[in-house]
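Colleague: Need the 3D shape of this:
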Amino acid sequence: MNRSLRRITCLALGLAVLALAGPAMRASAQPLQLPGAQPFNPAGAQQSAPPGAAAGPATPRPPSMPAIRVAGEEAILGRTLRRNGGLGEATFEKTATGHGLKLNVQGFQSENLTEPCAVSFGETPVPVTAMGRPAGVPRYKLEAAACPIVFDVLDGAFLVVEPTQPCLVEAAQCRIDPRGLWGPDSRTLPPRAKEIETARGAAERAVREGYRALTAKADAVDQRSIAREQAGFSAERELICRDFQREGQIGFCGARITEARAASIRARLGITDAPKPAARPRPAAPRPASLPLAPTQ
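Modeller: Model prediction:
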């Protein structure tokens, strides 16, 4: 009897010791938690991202460059423009079916290249065909069999991109050259010198940023091609503008060619947002009618 009682007492004491040691053993199974550390997640639990951490890879920013003025047809509509600011006459006009160009081009006789001559394309505008904006600005083709001309519309001017050689008009025995920039009479430009200088500066910045964006998205081979294009742009602009009158003092041609290059780069980058038109001024509120004065007594 005493032996059985001792066994029961020992068993009870053992169970009590295990009951007391259980919480301590479970606590020792947990990893040590340092102050400020993230809470422990059991195996299989999802680890939450720390505050402020990015949820995924950053979305690449789209290529950008400073906003520039991209002119439309209204920039030359009804204006008399001259090749290199002094030769011939061209007027871009609306017609019943679209647009047309009245054109008078000067040249030299085909049999005597020192004897001047001129070719008029008629008193009425010759139809032009819209060709979209392949270089970022409106492009048109003059439908004239004697000398088909393709030109880009710029701000107050247009740039002839075709033909690449002078045209020989057999009926007039005259060799005409429509190439280059057609703009305002150069004698009217001096008062606009400051405005033109500001526009050119903005276009220069846009071209630099545009070439940087083109380079960033190109591979090694295309980067070399873009670098050559950028290096040759100044020489190309000089070639186009060298005969524009008063170019050294005013710089009108250089400003427009730089704007055209900026527009072309924007088109290559896929930037199609056009500058918002200026807000129209609100009409002034009508003034209240004045009341007649009361008659004096």
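
Colleague: Every contact and neighbour count from this point should use C-alpha atoms.
Modeller: OK.

Colleague: all strands for the chain, in order.
Modeller: 80-83, 87-94, 99-109, 112-120, 126-130, 139-142, 149-154, 157-162, 167-169, 174-176, 180-183 (DSSP state E).

Colleague: Now do the residue nearest in space to the middle of the chain, the pLDDT please.
Modeller: Residue closest to the mean C-alpha point of the chain, counted by Cα atoms, centre = their mean, is R266 at 3.4 Å. Looking at R266, its pLDDT is 94.

Colleague: Ok, P166 next?
Modeller: 94.

Colleague: tell me the contacts of it?
Modeller: With contact set as Cα atoms under 8 Å, 6 or more residues apart in numbering, P166 has these partners: 175-179.

Colleague: Backbone dihedrals for it, please?
Modeller: phi -60, psi 160 (degrees, to the nearest 10).

Colleague: Number the residues from 15 up from this point.
Modeller: Noted, 15 is the first residue going forward, which turns the last one into P180.

Colleague: hmm, back to that, tell me the one of the contacts of P180 nearest V84?
Modeller: R193 (21.8 Å; Cα to Cα).

Colleague: Pairing partners for the closest residue to that closest one other than its chain neighbours in the sheet, please.
Modeller: Spatial nearest neighbour of R193, chain neighbours left out: V174 (5.3 Å); criterion: Cα to Cα, 6 or more residues apart in numbering. Beta-bridge partners recorded for V174 (DSSP bridges): F165, G194.

Colleague: Okay, V174 and I271: tell me how far apart.
Modeller: Relative to I271, V174 is positioned 11 Å away (Cα to Cα, to the nearest Å).

Colleague: So the two - more neighbours on which side?
Modeller: I271 (25 against 20; other Cα atoms under 10 Å).

Colleague: Could you count how many residues lie near the closest residue to that one other than its chain neighbours?
Modeller: Once flanking residues are discounted, I271 sits nearest to R251: 6.6 Å by Cα to Cα, 6+ apart. Neighbour count for R251, taken as other Cα under 10 Å: 17.

Colleague: ok, R251 touching R270?
Modeller: No. R251 is beyond contact range of R270, at 9.8 Å (criterion: Cα atoms under 8 Å).

Colleague: Please report how far G99 lies from D199.
Modeller: Look at G99 and D199: by Cα to Cα, they are 5 Å apart.

Colleague: From the neighbour counts alone, determine which of those two ranks first.
Modeller: Ranked by neighbour count (other Cα under 10 Å), G99 and D199 place G99 first, with 25 against 17.

Colleague: need the contact list for the more buried one.
Modeller: Neighbour list for G99: 196-200, 258-259 [criterion: Cα under 8 Å, 6+ apart].

Colleague: contacting residues for the residue nearest to I271?
Modeller: 268, 271-272.

Colleague: Which pLDDT does the model give it?
Modeller: Turning to R251, the model gives it a pLDDT of 98.

Colleague: any idea how far stretch 229-246 is from the chain center?
Modeller: In terms of Cα atoms, centre = their mean, to the nearest Å, the centre of stretch 229-246 is set 18 Å apart from its chain centre.

Colleague: which residues are contacting that stretch?
Modeller: Outside stretch 229-246, the residues within contact range by Cα under 8 Å, 6+ apart are 225, 228.

Colleague: Could you do stretch 184-197 as well?
Modeller: Contacts for stretch 184-197 (Cα under 8 Å, 6+ apart): 95-99, 104, 119-125, 131-133, 163, 170-183, 254-255, 258, 267.

Colleague: try stretch 157-171
Modeller: By Cα under 8 Å, 6+ apart, the list of residues contacting stretch 157-171 from outside reads 84-87, 89-90, 95, 140-143, 151-156, 172-177, 181-183, 192, 195-198, 270, 274.

Colleague: Can you list the buried residues in it?
Modeller: Neighbour counts over stretch 157-171 (16 or more other Cα atoms under 10 Å) mark 157, 161, 163-171 as buried.

Colleague: Stretch 252-259 too?
Modeller: By neighbour count on 16+ other Cα under 10 Å, the buried set for stretch 252-259 is 254-255, 258-259.

Colleague: Okay, and which of those residues map to helices?
Modeller: 254-255 (DSSP state H).

Colleague: got the buried residues of stretch 252-259 as CSV, with distance to P205 columns?
Modeller: As requested, the buried residues of stretch 252-259 are exported to CSV (distance: Cα to Cα, whole Å):
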residue, distance to P205
I254, 23
C255, 20
F258, 17
Q259, 15
